[in-house]
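In: Just to be clear, the model below is a prediction. Sequence and coordinates:
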Amino acid sequence: MPARKTPPTPDETLGASDDLPSLRGLVAFDVTVRLGSMTAAATELETIQPTISQRIRALEEHLGHPLFDRRGGRLELNACGEALHAELAPHLAGICGAVKEVRRQAHKRVPLITIAAGAGFMHVWLRPRLERLEKAFPDCTFKLLPIDRDEAPEMQLADIAIRFGPPLQGEQRDILVVQERAFPVCSPEYAHRHGLENGLDAEALSRITLLHLDMRDARWLDWSNWCRHAQLPVPRLDKAFPYNNFPLTLNAALNHQGVALGWSHVIQDMLDNGSLVALTPHISRDRYGYRMCVRHPNSAVIAPISQWLTHEFAGLERVPAD
């Protein structure tokens, strides 16, 4: 039976010409040359002088040639040492710099920014903008919290809270960023099929399918309250189709199933791309709209983010007047 061959060692695989010396030996050599003594090199590298001497000796043995002329206790580079150091120093500095930068990034504290908002607003408006927000602030991590109750602890403790309604009593940081503007919306196909190009009136309300949000929240308009504000008779709502969240209501409107109530600051993207059309009349309520509360408005991290969101809000009110 032939003898089993043992796997080649790394040295045999690489070959003598490709074999590299210890990095520690190269660093000890470079620092010794730069500082002029092994003792000083040991101090910088946080070790002892005999260790530095041993590493340099091992490097010289690996190379098969001394790097210093050792005379009278003094170290002087010989021609081989000078040639090696001239090639080694800039590359070793680059390697050390790269390692330090990786360590700095690995230990860098990344701020976690929490943004709380109503679930419908979060899904329809804020979530689609998250990628651009992250791109604008690459050194931050964002956590979105869909919260529908203003009194929820998560809403109170969020770095940035976006809520809908009138101002909260005693809340000085609650800033109105978008005034409420509510109006009926439907797909262009549904508007054309039912002759709604001129808006809604009593006759139109009596024959179209109304899509409504089945929520017991007084902050939001339902069809009854919207009709009263629009000075239109309230239609029979027993046949209106209910949905338990705003995204589902909008999805039904997008799929030509009826007319829903929309708010300009939430559905502006859908109006811009033509998937929904706004019908008249439009109504607004004093002091109602989206409000933003920033826990630490003077924070160097939070302030630019709240300004970015405010700028996004500023581009929302583009619905034509009645």
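Out: That came through, no problem. In this text the structure is predicted, and so the values were computed from the model without any measurement.

In: pLDDT weak spots in this structure?
Out: 1-18, 72-73, 108, 171-172, 215, 239, 316-322 (pLDDT under 70).

In: Which residue ranges of it form helices?
Out: Assigned by DSSP state H, the chain shows helices spanning 10-14, 23-35, 38-44, 49-63, 79-106, 119-121, 130-136, 153-157, 188-193, 202-207, 223-229, 246-254, 264-272, 302-314.

In: could you dump the ones you listed to CSV with mean neighbour count and distance to residue 217?
Out: Where you see a C-beta, it was placed from the backbone N, CA and C, and this is true even at glycine. Converted to CSV, those look like this (neighbours: other CB atoms under 10 Å; distance: least, CB to CB, whole Å):
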stretch, mean neighbour count, distance to residue 217
helix 10-14, 10, 70
helix 23-35, 20, 65
helix 38-44, 18, 66
helix 49-63, 17, 72
helix 79-106, 12, 45
helix 119-121, 19, 11
helix 130-136, 12, 25
helix 153-157, 13, 14
helix 188-193, 15, 26
helix 202-207, 13, 23
helix 223-229, 16, 12
helix 246-254, 20, 11
helix 264-272, 19, 15
helix 302-314, 15, 22
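
In: Tell me which residues touch residue 212, please.
Out: The contact partners of residue 212, by CB atoms under 8 Å, 6 or more residues apart in numbering, come to 222, 223, 237, 240, 241, 242, 243, 249, 260, 261.

In: I only care about those residues that end up buried; give me the PyMOL line for that.
Out: The PyMOL command for the buried members of the contacts of residue 212 (criterion: 16 or more other CB atoms under 10 Å) is given here:
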select buried, resi 222+223+240+243+249+260+261
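
In: out of the contacts of residue 212, who's nearest residue 201?
Out: residue 223 (14.4 Å; CB to CB).

In: mind listing what the residue positioned nearest the centre of the chain touches?
Out: By CA atoms, centre = their mean, the chain has its centre lying nearest to residue 134, at 2.8 Å. Neighbouring residues of residue 134 by CB under 8 Å, 6+ apart: 140, 142.

In: what about it, distance to residue 175?
Out: To residue 175, residue 134 is 24 Å away according to CB to CB, to the nearest Å.

In: Residue 275 now?
Out: 31 Å.

In: What is the neighbour count of the nearest residue to residue 78 once chain neighbours are set aside?
Out: Counting by CB to CB, 6 or more residues apart in numbering, residue 78 lies nearest to residue 69, which is 5.0 Å off, once chain neighbours are set aside. For residue 69, the neighbour count with other CB atoms under 10 Å is 12.

In: Could you chop this structure up by domain?
Out: 10-106, 112-179+288-314, 182-278 (automatic domain parsing).

In: Excluding chain neighbours, what is closest to residue 24?
Out: residue 55 (5.4 Å).

In: Now that that neighbour has come up, it's in contact with residue 23, right?
Out: No - using CB atoms under 8 Å, residue 55 is not in contact with residue 23, being 9.9 Å away.

In: on that earlier part again, which one of the contacts of residue 212 is nearest residue 59?
Out: Of those, the one sitting nearest to residue 59 (CB to CB) turns out to be residue 249, at 74.0 Å.

In: was I right about the closest one contacting residue 211?
Out: Yes - contact status for residue 249 versus residue 211: in contact at 5.3 Å, counting by CB under 8 Å.

In: Verify the stated contact: residue 117 with residue 126.
Out: Yes - using CB under 8 Å, residue 117 is in contact with residue 126, at 5.8 Å.

In: Quickly list what's touching both of the two.
Out: 144, 162.

In: Of those two, which one has the most company?
Out: Each of residue 117 and residue 126 has its neighbours counted (other CB under 10 Å); residue 117 has more, 25 against 20.
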